[in-house]
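Enquirer: Sharing a model prediction with you, sequence too.
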Amino acid sequence: MGADMNSSWDMDDEYEKFVRRMNPPRVVIDNETCKNATVIRVDSANKHGILLEVVQVLTDLNLIITKAYISSDGGWFMDVFNVTDREGNKLKDEGILEYIRKSLGADSSFVPTLGRNVGVEQSTNHTSIELTGTDRPGLLSEVCAVLTGLKCNVVNAEVWTHNTRAAAVMHVTDEETGSAITDPESLSKIKALLCNVLKGNNKTRGAKTAVSLGVTHTERRLHQMMFADRDYERLDDHAFDEKQRPNVTVVNWYDKDYSVVTIRCKDRPKLLFDTVCTLTDMQYVVFHANVDAEQPEAYQEFYIRHIDGSPVNSEAERQRVIQCLEAAIERRVSEGLKLELCTTDRVGLLSDVTRIFRENGLAVTRAEVTTRAGKAINTFYVRDAAGNPVDAKTIDSIRQVIGQTILQVRGCSENTKSSSQESPTRFLFGGLFKSRSLCNFGLVRSYS
């Protein structure tokens, strides 16, 4: 069966490559037509997942999609995007414009994705670790402590939490070699210990760990992991602030045999990417769409059918589409106080920082960890262990330990900001982090 499926996928891929050669994509970038945005038009032979591929390219460039018009009836895909940079300006950088042309045009390196949800390439630079489990205060600290104890250095990571569930994609290297970890025994030990941490005391929901040398699109993968983990199944309807709850409706247009999905919610970066990811993962095809995000409230309208050609045909399916889209929007909503850490990278840094958060009663709701040219650039969204806003005195104490200029507080009121002027390096490199009490897995306990 597996061999037959692989053969079928290969035949589909070859057919799509042939269609692409006969009808190469065309990309037109226009800075004249629209007064306040760059207009990007993409014409291409149609295939399942092409809308997500286009949106992913634009989103990865940190562009803001203010409007979009999509049409993919029949065998042709036509899409128009109005985009700006993060400051609201038109795109003038010729390097970025050329990258868009190459990424979406005839020379694009996109591989057809029919039957393959995630593209995987071999990497010798790092090992990719995927984690899903029940969220709890201190979980990230425990995971990082175990990795440090196993001589793993975290070079990049992204962590999402939603509806009591947590998912993470972490790129790690061997502490001694600085390369990917390939030893089967070491990989097996990493999986086993991390799975024990993720399980904790929760016996009702499972935990999963996966280790590979593959390279995936991290945010795309996080959506897939949380979707597979069924984070859209609400345990408590009041867990998410009703004022922030997205408005999602699904109705059938019987004359045209479409289901019409309408989304209204507060606008934010990467919103379109998140909703298109979920529709694609649920095996729906977008035939037409209209997106307007020029106001504080974003409006998205999709005309969809399932990949088998049918519209949404039951109340249970309708509710599931609504729940899954709500979850996709909520996963990236930044709950909590934003802390930014920038300092020279070193082995164990992430473990030490998250331990300090844990010891001061902070829970990390979302995290982005990157390493660039020897610098650790990390962003954390934190709340207290009960899910409430963090006390100003707690933040002040943590910043004095880590360093005032190393750990910055973003988007907070004046009374949250620290007034202390201690040296930024007095504690961080003064030996405070030499204690490794959590590195021995046997000493790690759940914090609650």
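Expert: Alright, I've got the coordinates.
Enquirer: Which strand residues bridge Ile129?
Expert: Legend: beta-bridge partners of Ile129 under DSSP bridges are Met170, Val211.
Enquirer: Equivalent analysis for the one 4 residues further on, please.
Expert: Each beta-bridge partner of Gly133 is listed here: Ala166, as defined by DSSP bridges.
Enquirer: Return the residues in contact with it.
Expert: With contacts defined as CB atoms under 8 Å, 6 or more residues apart in numbering, Gly133 is in contact with 139, 165-166, 197-200, 202, 205-208. (C-beta placed from N, C-alpha, C; glycine too.)
Enquirer: What of Ala168?
Expert: With contacts defined as CB under 8 Å, 6+ apart, Ala168 is in contact with 129-132, 140, 143, 157-160, 222.
Enquirer: Let me know the closest of the contacts of Gly133 to Lys266.
Expert: Looking at the contacts of Gly133 and their distance to Lys266, the nearest is Arg165, at 22.3 Å (CB to CB).
Enquirer: Quick check: that closest one touching Arg136?
Expert: No: the pair Arg165 and Arg136 does not pass the contact test of CB atoms under 8 Å, sitting 10.7 Å apart.
Enquirer: now the contacts of Ala168 as CSV including secondary structure, neighbour count and distance to Thr33?
Expert: Putting these into CSV (DSSP: H, G, I helix; E, B strand; the rest coil; neighbours: other CB atoms under 10 Å; distance: CB to CB, whole Å) gives the following:
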residue, secondary structure, neighbour count, distance to Thr33
Ile129, strand, 24, 46
Glu130, strand, 21, 43
Leu131, strand, 25, 46
Thr132, strand, 22, 45
Leu140, helix, 29, 46
Val143, helix, 28, 49
Ala157, strand, 24, 41
Glu158, strand, 19, 36
Val159, strand, 23, 41
Trp160, strand, 23, 37
Leu222, helix, 23, 36
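Enquirer: From the contacts of Gly133, which land in strands?
Expert: Within the contacts of Gly133, membership in strands is found for 165-166, 208, as judged by DSSP state E.
Enquirer: which intervals of the stretch 301-448 of the chain have sub-threshold pLDDT?
Expert: Across the stretch 301-448 of the chain, the ranges flagged by pLDDT under 70 are 411-448.
Enquirer: What segments of it are helices?
Expert: Secondary structure of the stretch 301-448 of the chain (DSSP state H, counting those that start in this stretch): helices at 315-331, 349-359, 392-402.
Enquirer: Give me whichever of those is most buried.
Expert: With neighbours defined as mean count of other CB atoms under 10 Å, those peak in mean count at helix 349-359, which reaches a mean of 23.
Enquirer: Other residues contacting that one?
Expert: Outside helix 349-359, the residues within contact range by CB under 8 Å, 6+ apart are 137-138, 140-142, 144-145, 147-148, 154, 157, 341, 343, 364, 369, 376, 378, 380, 382, 398, 401-402, 433, 438-439, 447.
Enquirer: Pro389 and Leu337 touch, don't they?
Expert: Yes: checked against CB under 8 Å, the pair Pro389 and Leu337 is within contact range at 6.9 Å.
Enquirer: phi, psi of the residue of the chain most remote from its centre?
Expert: Checked against the mean C-alpha position of the chain, the extreme residue using CA atoms, centre = their mean is Asp255, at a distance of 37.0 Å. Geometry field for Asp255 lists phi and psi as phi -60, psi -30, criterion degrees, to the nearest 10.
Enquirer: mind listing what it touches?
Expert: Asp255 is in contact with no residue at all, counting by CB under 8 Å, 6+ apart.
Enquirer: quick one, the helix or strand harbouring Leu147 and strand 208-212 angle?
Expert: If you go by DSSP states H and E, Leu147 is part of helix 139-149. Counting by axes from the mean of the first three to the mean of the last three CA atoms, to 10 degrees, helix 139-149 points 40 degrees away from the direction of strand 208-212.
Enquirer: Helix 139-149 - contacts with which helices or strands?
Expert: Of the remaining helices and strands, those touching helix 139-149 by 3 or more CB pairs under 8 Å, 6 or more residues apart in numbering; DSSP states H and E are strand 152-162, strand 165-174, helix 184-199, helix 349-359, strand 362-372.
Enquirer: List just the one of these that sits closest to Val276.
Expert: strand 152-162 (17.3 Å).
Enquirer: if I look at the residue nearest to Ala228 when sequence neighbours are not counted, how far off is Leu213?
Expert: Counting by CB to CB, 6 or more residues apart in numbering, the nearest residue to Ala228 once its immediate chain neighbours are dropped is Thr132, at 7.8 Å. Spatial separation of Thr132 from Leu213 under the definition CB to CB, to the nearest Å is 20 Å.
Enquirer: again, but for Asp85
Expert: 34 Å.
Enquirer: same thing with Lys191?
Expert: 14 Å.
Enquirer: and if you look at Leu362?
Expert: From Leu362 over to Leu213 the distance is 33 Å, taken as CB to CB.
Enquirer: Those two: which is more packed in?
Expert: Counted by other CB atoms under 10 Å, Leu362 and Leu213 do not tie: Leu362 has more neighbours, with 27 against 17.
Enquirer: give me every residue that touches the residue nearest to the more buried one when sequence neighbours are not counted.
Expert: Distances taken as CB to CB, 6+ apart put Val382 closest to Leu362, at 4.5 Å, once the chain neighbours are dropped. With contact taken as CB under 8 Å, 6+ apart, Val382 is in contact with 336-337, 339, 357, 362-365, 390.
Enquirer: And these, which two are furthest apart?
Expert: Pairwise distances across the contacts of Val382 (CB to CB) peak at 12.5 Å, for the pair Leu339 and Ala363.
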